[in-house]
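# Pasted the sequence and its predicted model underneath.
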Amino acid sequence: MKMSRYLVPTLKEDPSDAVITSHRLMLRAGLIRKESAGMYIYLPLGLRVLQKIIAIIREEMNKSGALEFLMPELTSADLWKESGRWHSMGPEMIRIKDRNGIEYALAPTHEEAFTNVIRMIVTSYKDLPVNAYQINTKFRDEIRPRFGVMRSKEFIMKDAYSFDSDEDGLEGSYQIMRQTYRTIFKRCGLETIPVEADTGSMGGSNSEEFMVASEVGEEVLLLCEVCGYKSNQERATCQYQLSPTNEDEEALAIVDTPDVRTINELVQFFGCSAHTFLKSLIYVADGTPIMAVVPGDREINEVKLKNTLNAVDLELAPDAVVEEVTGAPVGFAGPILVKGKALRIIFDTQIKTIKNAITGANQRDKHYKGVNPGRDFVIGQEADIVLVVAGDRCPHCGNALIETRGIEVGHIFKLGYKYTRAMNVKVLDKNGKAITPIMGCYGIGVNRTMAAVIEQHNDDRGIIWPMSVAPFQVHCISLAKNEKEEGAADTIYSMLVDAGIEVLYDDRTASPGFKFGDADLIGIPIRITLGKAFFGDSSSIEVKLRNKDEKIIIAKDMIVDYCKKQIVQMLQKLNA
RNA sequence: CGGGAUGUAGCGCAGUCCGGUUAGCGCGCUUCGUUCGGGACGAAGAGGCCGGGAGUUCAAAUCUCCCCAUCCCGACCA
């Protein structure tokens, strides 16, 4: 491709609204432009990268035996009502009506759609297992689009759904995808960390996310360097036990604590350690207020709490609700309710071990001390609801966990029967008996994968594409000063193209420095320069790899072979 | 939705506090000439409803009110 005929609007300065490296470089290298918040335009150069990633995904999915489909983006409300998600997806799902008032959703995901086709076309166990996938756009009315294409309202996802006769089958399908995902990301040049994950609104049990370690990642990961435990903070658990005390149970007493509300203030006031406080927070879960109680030195993991409650929506209660359900202003809540109040309370599993605790008295400016679980209040429901942080002990081996941040590029999980039951999918087994298939579901964020590759492969001059996803394989810079030289340069370009190499040919009239700068920014792996060495007698060509500093000289006749060899080697390295 | 910030040429910004010529600078863009291996130089140009609306004033990019958009921090997810 001749650059003079290709629109590559590189930018010398950083766009003001890009804060992370990948976003900055995508804008600067002329890969994307913003249409509006959360919506991005892929320019020709950027599209090529996206297509390369898609091709890798498609190739590996097909290799795994999955079948490619293409689903409508406009999905009828009936489909969503069947599974119950017309309601539960909430405002994240973009809903529209046609001229007759019929309701649709712009698909935020396609579990229902795929379950529906399988119901239509699969009737026998002989067709199972089947793994159906597509590479298609998703629409989500994100609370906050962020970081360029990293989190956008419209994005391309590869989503796959497996259907098996039984759980063993699902395990097989799941493991195939697990391996396929590793291969896909490896081929894209990405190092990923698979972590245990929460299943979110999709439902299901077992789940693994593929994370790209990055400071700008939105996920917090907890890793154990000893046994290899890896988990998303949302799901992470730890071995934790408060040290037992031999203290005698004190009598319950009420203490005046004027304006002492936060845990820090309480520690000061009472002069004891934070975990002897019973931190009691009021949440509203699907419209109903509840209380969650954790040791005072712990944060609540809202995802775990939400799962415990089986709630769709969970948020901290507004002050008015807190006052209403506890009878006291915010800061004085506790599990010993005043007479006449009733509230569902979830206790963290450690609460029962705390002796002579301190907690809010549900009265203004008053706390209880000498609080003893079981004696002063009943532990009705307990669950692990604390947020695990760095330094907590690994749930498997007990070593200290460490924290890192990651970008979620893929997510695989066992869905179970949620959709096949809700949508009444039946196939006949060997004995002619109707059975319900079990599902798994597997997603890859394509645009996000592209951004993640840049996050992992760049330097202060620009992008350093892995060969597999580079927009072109060779960047050929012509430094020709006259028509004769231009002609000679064109010949080399044609030679490379004829050999089947993807070449971006900088035939523009610009200074060498300008062209080198653009080449570094765009980051094509192999750069060849047609300059002095070439236009002189020697007929030799300078080659430089984007990820190396040295320049080497190759004889003109050898250049095609050399490039081909480099390309093959670079691709093989990613496949290994 | 809550908190913070910003909207001036394609991009990056100054000017706004303290109202007053024809709204400026750098990059980019066009034409010509000279340059030409690490973002060249000169000359001549083109390009602005100063985010939108209402108001105050003799006079508004600048002051007031309302709206909109974008970005960052928190709650959702690939």
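Structure received.
# all contacts plus neighbour counts: C-alpha atoms, from now on.
Noted.
# For A:V446, list the residues it contacts.
A:L50, A:I53, A:I54, A:F155, A:I156, A:M157, A:K158, A:V409 (CA atoms under 8 Å, 6 or more residues apart in numbering).
# which non-adjacent residue is nearest A:V453?
Distances taken as CA to CA, 6 or more residues apart in numbering place A:L190 nearest to A:V453, at 6.1 Å, with adjacent residues excluded.
# State the distance from that neighbour to A:S207.
20 Å (CA to CA, to the nearest Å).
# ditto for A:D127
25 Å.
# Same check on A:I94?
26 Å.
# The helix or strand that A:G443 is a member of and RNA strand B, are they touching?
Applying DSSP states H and E as the criterion places A:G443 in strand A:438-445. Yes: judged by CA under 7 Å from any atom of the strand, strand A:438-445 comes into contact with RNA strand B at A:G443, A:I444, A:G445.
# Once you drop chain neighbours, what's closest to the residue nearest the centre of chain A?
Residue closest to the mean C-alpha point of chain A, counted by CA atoms, centre = their mean, is A:E408 at 2.3 Å. Distances taken as CA to CA, 6+ apart put A:M211 closest to A:E408, at 4.6 Å, once the chain neighbours are dropped.
# what kind of secondary structure is the one you found in?
Three-state assignment for A:M211 (DSSP: H, G, I helix; E, B strand; the rest coil): strand.
# give me the number of residues near it?
25 (other CA atoms under 10 Å).
# What of A:K341?
There are 11 residues near A:K341, going by other CA under 10 Å.
# close enough to count as contact, it and A:E324?
No: A:K341 is beyond contact range of A:E324, at 9.3 Å (criterion: CA atoms under 8 Å).
# what does the host helix or strand of A:F516 rub up against?
In this structure, A:F516 is located in helix A:512-522 according to DSSP H and E. With CA under 8 Å, 6+ apart as the test, helix A:512-522 has contacts from A:10, A:25, A:28-30, A:461-464, A:475, A:477, A:479, A:506, A:527, A:546.
# ok, 6 Å please
Residues outside helix A:512-522 that contact it (CA atoms under 6 Å, 6 or more residues apart in numbering) are A:A29, A:R461, A:G462, A:I463.
# before we move on, back to that, okay, A:D127 and A:S207: which has more neighbours?
Ranked by neighbour count (other CA under 10 Å), A:D127 and A:S207 place A:S207 first, with 22 against 14.
# wait, isn't the more buried one in contact with A:P194?
No: counting by CA atoms under 6 Å, A:S207 stays clear of A:P194, with 10.0 Å between them.
# Any part of stretch A:175-187 near RNA strand B?
No: judged by CA under 7 Å from any atom of the strand, stretch A:175-187 stays clear of RNA strand B, getting no closer than 11.0 Å.
# Just the C-alpha atoms of that stretch, please, in PDB.
C-alpha atoms of stretch A:175-187 as PDB (Å, rounded to 0.1, in the frame of the first residue of the first chain):
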ATOM      1  CA  GLN A 175     -11.300 -27.300  28.600                       C
ATOM      2  CA  ILE A 176     -11.100 -27.100  24.800                       C
ATOM      3  CA  MET A 177     -12.000 -23.400  25.000                       C
ATOM      4  CA  ARG A 178      -9.500 -22.800  27.800                       C
ATOM      5  CA  GLN A 179      -6.700 -24.200  25.600                       C
ATOM      6  CA  THR A 180      -8.000 -22.300  22.600                       C
ATOM      7  CA  TYR A 181      -8.000 -19.000  24.400                       C
ATOM      8  CA  ARG A 182      -4.400 -19.600  25.600                       C
ATOM      9  CA  THR A 183      -3.400 -20.200  22.000                       C
ATOM     10  CA  ILE A 184      -5.300 -17.200  20.600                       C
ATOM     11  CA  PHE A 185      -3.800 -14.800  23.100                       C
ATOM     12  CA  LYS A 186      -0.300 -16.300  22.600                       C
ATOM     13  CA  ARG A 187      -0.600 -15.900  18.900                       C
END
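# Can you pull out the residues in contact with it?
A:I57, A:L574, A:N575.
# Turn the residues you listed into TSV, including neighbour count.
Shown next, in TSV, are the contacts of stretch A:175-187 (neighbours: other CA atoms under 10 Å):
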residue	neighbour count
A:I57	23
A:L574	18
A:N575	14
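# Just the closest of these to RNA strand B, please.
Nearest to RNA strand B among those is A:I57, at 13.3 Å by CA to the nearest atom of the strand.
# wait, is that closest one part of a helix?
Yes: counting by three-state DSSP, A:I57 is located in a helix.
# could you list every residue that touches it?
Per CA under 6 Å, 6+ apart, neighbours of A:I57: A:I184.
# Give me the pLDDT value at A:P72.
A:P72 carries a pLDDT value of 96.
# what does A:M202 give?
51.
# just A:D256 next, same as before
90.
# Distance of it relative to A:E60?
From A:D256 over to A:E60 (counting by CA to CA), the distance is 67 Å.
# Between those two, point out the one with more neighbours.
A:E60 (19 against 13).
# quick one: which helix or strand includes that one?
helix A:44-63.
# do that helix and RNA strand B meet?
No: Helix A:44-63 is not in contact with RNA strand B by CA under 7 Å from any atom of the strand; minimum separation 12.8 Å.
# Report the inter-axis angle for that helix versus strand A:438-445.
160 degrees (axes from the mean of the first three to the mean of the last three CA atoms, to 10 degrees).
# average pLDDT across the very next helix or strand once past helix A:44-63?
Using DSSP H and E, the next helix or strand after helix A:44-63 towards the C-terminus is strand A:67-68. Average pLDDT, strand A:67-68: 98.
# Mind listing the strands strand A:67-68 pairs with, and their directions?
When pairing is defined by DSSP bridges, strand A:67-68 lines up against strand A:130-139 (parallel).
# Tell me which residues are up against the strand it pairs with.
Contacts of strand A:130-139 (CA under 6 Å, 6+ apart): A:66-70, A:106-108, A:153-163.
# Indicate whether it makes contact with RNA strand B.
No: contact between strand A:130-139 and RNA strand B is absent, the nearest approach being 8.3 Å (criterion: CA under 7 Å from any atom of the strand).
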